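Student: When you get a sec, could you give me coordinates for this:
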Amino acid sequence: MTDASPILLWFRRDLRLADHPALDAAARSGRPVIGVFIRDESVDSLGAAAKFRLGLSVAALGKTLADHGSRLVLRSGPAAAVLDALIDETGAGAVHWSRLYDPASIARDSAVKAALAARGVAAQSFPGHVLFEPWTVATGQGGPYRVYSPFWRALRGRDPGAPLARPGLMPAPDAWPGSERLADWRLGDAMNRGAEVVAAHARPGEAAAADRLAEFIDAKVDAYKASRDFPGVDATSNLSENLAYGEISARQVWAVGQRAMDEGRAGAEHFLKELVWREFAYHLMYHTPEILTRNWRAEWDGFPWNTDETAPEVLAWKQGRTGEPFVDAAMREMHVTGRMHNRARMIAASYLTKHLMTHWKIGLDWFADHLTDWDPAANAMGWQWVAGSGPDAAPYFRIFNPATQLAKFDPNGDYRRAWIAEGQAGPPATARAFFEAVPRAWGLSPDMSYPAPVVDLAEGRARALAAYGARTK
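Tutor: Got it, this is the predicted structure:
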């Protein structure tokens, strides 16, 4: 192998060209660059909505590369075997990729790196998915942060560096290796009829992400702090789906938000705080990976949550028919758009884990199957934070009341009307679309009566507090 041998660029959750350290290093080498996306177990194990949305992102990246005179090679199978075959076919002398921080990815990447080293192929991983590598941020005692507020203070004045520009024309290999067809992967099959409904609300790709950020800064950032908790108001950046697949980097978002803050834009600092909340989730996942699968606070292991996901009240929650409009609107928004407003996520999660006393893992798995912006770290931290078993400085007895929350954050009923068709003479398209997205087997229709509450809010709260009190005695 010579210095002229190609570099394989293994794309994962970094589906962009700008501010891509692994790509930048490959392009600067002057050697041919072969971009590859591998459908391995990490892809096949995704929930229905995330896998569908990933397919849109891969398609967008393929088009972007083609527009820049390059290609995206698609292969399926175990990553190590796929890379091994591509090295044989292309004579590649190096493989680059962007780091991921969940335990499964770390184990896979470590095995791949060892196999490549044994073969004499240079393997190099790069940053790019978070602002700062998790091992570079520590408390004064040298350990990881376990509380968000001091974590934010530690990062507020820290410079993640300027985003890298998109590389210019990359040399092509003498011959491109064969590629599978994205359509043959059928990544949207598990969505069934919901795919078409959800697709209308997705904005995949690097260009769309950049436009979304610019639109937010231009028109929304000043009112962000004051309006972001009102789900009926279009006040947020909606960048969660783009960040999830790396169509835009956290560093790109930080740079634009920091510039807005320096210019005195009112909501910019709060916007940066939300970006650092995402960062906090990744650092927690890296240092305490048990947050993905079991209680972050071990003292919660004996808490008497319901673990029967087939229980009637749990089915009502999944179907958006609990009789609590805030909860139901939130669940229906997710079925139609693949996303859910952040305030609504807290209300829906609190209702399931506290008023219904149902294990957070059931909610986490349901979201993982239905969110197009699914993110392993954010989903796990969010559910455990609300349930009380996670990194929340507030005590367990903070129980969101969905009725009072709706009155406070949807005073004009905009959110409720947007997503709940029952009882409206002329429900909007968003509310009607819910019945087109959900499984036919549920037998739901907008002509049905709106359900009565499945649990009295006061009784549900009292039951949760009693269980908490018994646990702490």
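Student: do you know how far the closest residue to residue 229 other than its chain neighbours is from residue 319?
Tutor: In space, and not counting its chain neighbours, residue 229 is closest to residue 343: 4.7 Å by CB to CB, 6 or more residues apart in numbering. Glycine gets a C-beta too; all of them are placed from N, C-alpha and C. As judged by CB to CB, to the nearest Å, residue 343 and residue 319 stand 21 Å apart.
Student: So which of the two has more stuff around it?
Tutor: Each of residue 343 and residue 319 has its neighbours counted (other CB atoms under 10 Å); residue 343 has more, 21 against 18.
Student: What does the more buried one show for phi and psi?
Tutor: When read as degrees, to the nearest 10, the backbone of residue 343 gives phi -60, psi -40.
Student: Residue 286 touches residue 99, doesn't it?
Tutor: No: in this structure, residue 286 is not within contact of residue 99 by CB atoms under 8 Å, at 9.9 Å.
Student: Closest to the centroid, which residue in the protein?
Tutor: Nearest residue to the geometric centre of the chain (CA atoms, centre = their mean): residue 375, 2.8 Å.
Student: thought it was touching residue 245?
Tutor: No: with contact defined as CB under 8 Å, residue 375 does not count as touching residue 245 (9.5 Å).
Student: if I look at residue 245, how far off is residue 140?
Tutor: Going from residue 245 to residue 140 by CB to CB gives 35 Å.
Student: pLDDT below threshold where in the stretch 1-150 of the chain?
Tutor: Along the stretch 1-150 of the chain, the parts satisfying pLDDT under 70 run over 1-2.
Student: how is the protein carved up into domains?
Tutor: Here the domain assignment for the chain is 1-128, 130-161+193-287, 298-472, based on automatic domain parsing.
Student: what's the average pLDDT for the last one?
Tutor: Translated: domain 298-472. Throughout domain 298-472, pLDDT has a mean value of 95.
Student: Figure out how far it is from the centre of its chain.
Tutor: For domain 298-472, the separation from the chain centroid amounts to 18 Å (computed by CA atoms, centre = their mean, to the nearest Å).
Student: repeat for stretch 260-279
Tutor: Counting by CA atoms, centre = their mean, stretch 260-279 is centred 19 Å from the centre of its parent chain.
Student: Can you give the strand pairings for the longest strand along the chain, parallel or anti for each?
Tutor: Determined from DSSP state E, the single longest strand within the chain is strand 33-39. Strand pairing for strand 33-39, determined by DSSP bridges: strand 7-11 (parallel), strand 72-76 (parallel).
Student: which is the next helix or strand following the first one?
Tutor: Read that as strand 7-11. Per DSSP states H and E, the first helix or strand lying C-terminal to strand 7-11 is helix 21-28.
Student: Could you give me the buried positions within that following helix?
Tutor: Buried residues in helix 21-28, counting neighbours by 16 or more other CB atoms under 10 Å, are found at 21-27.
Student: How far away from the center of its chain is that helix?
Tutor: On CA atoms, centre = their mean, the centre of helix 21-28 falls 25 Å from the chain's centre.
Student: Take that helix, keep the C-alpha atoms, and write them as PDB.
Tutor: In PDB, the C-alpha atoms belonging to helix 21-28 read as follows (Å, rounded to 0.1, in the frame of the first residue of the first chain):
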ATOM      1  CA  PRO A  21     -13.100  16.200  10.900                       C
ATOM      2  CA  ALA A  22     -12.800  12.700   9.500                       C
ATOM      3  CA  LEU A  23     -13.700  13.800   6.000                       C
ATOM      4  CA  ASP A  24     -11.500  16.900   6.300                       C
ATOM      5  CA  ALA A  25      -8.400  14.900   7.200                       C
ATOM      6  CA  ALA A  26      -9.100  12.400   4.400                       C
ATOM      7  CA  ALA A  27      -9.600  15.200   1.900                       C
ATOM      8  CA  ARG A  28      -6.400  17.100   3.000                       C
END
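Student: What helices and strands are in contact with it?
Tutor: Using 3 or more CB pairs under 8 Å, 6 or more residues apart in numbering; DSSP states H and E, the elements in contact with helix 21-28 are strand 7-11, strand 33-39, strand 94-98, strand 122-126.
Student: Just send the ones you listed back as CSV, with distance to residue 212 too.
Tutor: As requested, the helices and strands packed on helix 21-28 are arranged in CSV below (distance: least, CB to CB, whole Å):
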stretch, distance to residue 212
strand 7-11, 21
strand 33-39, 23
strand 94-98, 21
strand 122-126, 25
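Student: Those: which one's closest to residue 349?
Tutor: strand 94-98 (29.8 Å; CB to CB).
Student: any idea of the angle the next helix or strand after the closest one forms with strand 122-126?
Tutor: Per DSSP H and E, the first helix or strand lying C-terminal to strand 94-98 is helix 103-119. Counting by axes from the mean of the first three to the mean of the last three CA atoms, to 10 degrees, helix 103-119 points 150 degrees away from the direction of strand 122-126.
Student: and helix 103-119, what other elements does it pack with?
Tutor: Here helix 103-119 touches helix 41-44, helix 79-90, strand 94-98, strand 122-126, going by 3+ CB pairs under 8 Å, 6+ apart.
Student: How about residues contacting the second one?
Tutor: Helix 79-90 is contacted by residues 6, 8, 10, 34, 36, 38, 40, 73, 75-76, 92, 95, 108, 111-112, 115-116, 119, 121, 173, 175, 177-178 when judged by CB atoms under 8 Å, 6 or more residues apart in numbering.
Student: Take those residues and, keeping just the buried ones, write it as a ChimeraX select command.
Tutor: Buried residues within these, by 16+ other CB under 10 Å, are selected in ChimeraX with:
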select :6,8,10,34,36,38,40,73,75,92,95,108,112,115,116,121,173,177
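Student: Enumerate every residue touching the closest residue to residue 99 other than its chain neighbours.
Tutor: Computed as CB to CB, 6+ apart, the closest residue to residue 99 that is not its neighbour in sequence is residue 125, at 4.9 Å. Neighbouring residues of residue 125 by CB under 8 Å, 6+ apart: 22, 96-99, 109, 113.
Student: quick revisit: what distance do you get for the residue nearest to residue 229 to residue 327?
Tutor: Taking CB to CB, one finds residue 343 at 12 Å from residue 327.
Student: swap in residue 60?
Tutor: For residue 60, the distance to residue 327 equals 33 Å [CB to CB].
Student: Please identify which of the two sits among more neighbours.
Tutor: For residue 60 versus residue 327, the count of surrounding residues by other CB under 10 Å is larger for residue 327: 30 against 21.
Student: buried sites along the helix or strand hosting the more buried one?
Tutor: Counting by DSSP H and E, the element that carries residue 327 is helix 325-337. The neighbour-count check on helix 325-337 (16+ other CB under 10 Å) flags 325-337 as buried.
Student: before we move on, the earlier item: if you count surrounding residues, which of residue 245 and residue 140 has more?
Tutor: residue 245 (29 against 7).
Student: Test my guess that residue 306 contacts residue 360.
Tutor: No: judged on CB under 8 Å, residue 306 makes no contact with residue 360 at a distance of 11.1 Å.
Student: Look at these two and report which has more neighbours.
Tutor: Ranked by neighbour count (other CB under 10 Å), residue 306 and residue 360 place residue 360 first, with 24 against 15.
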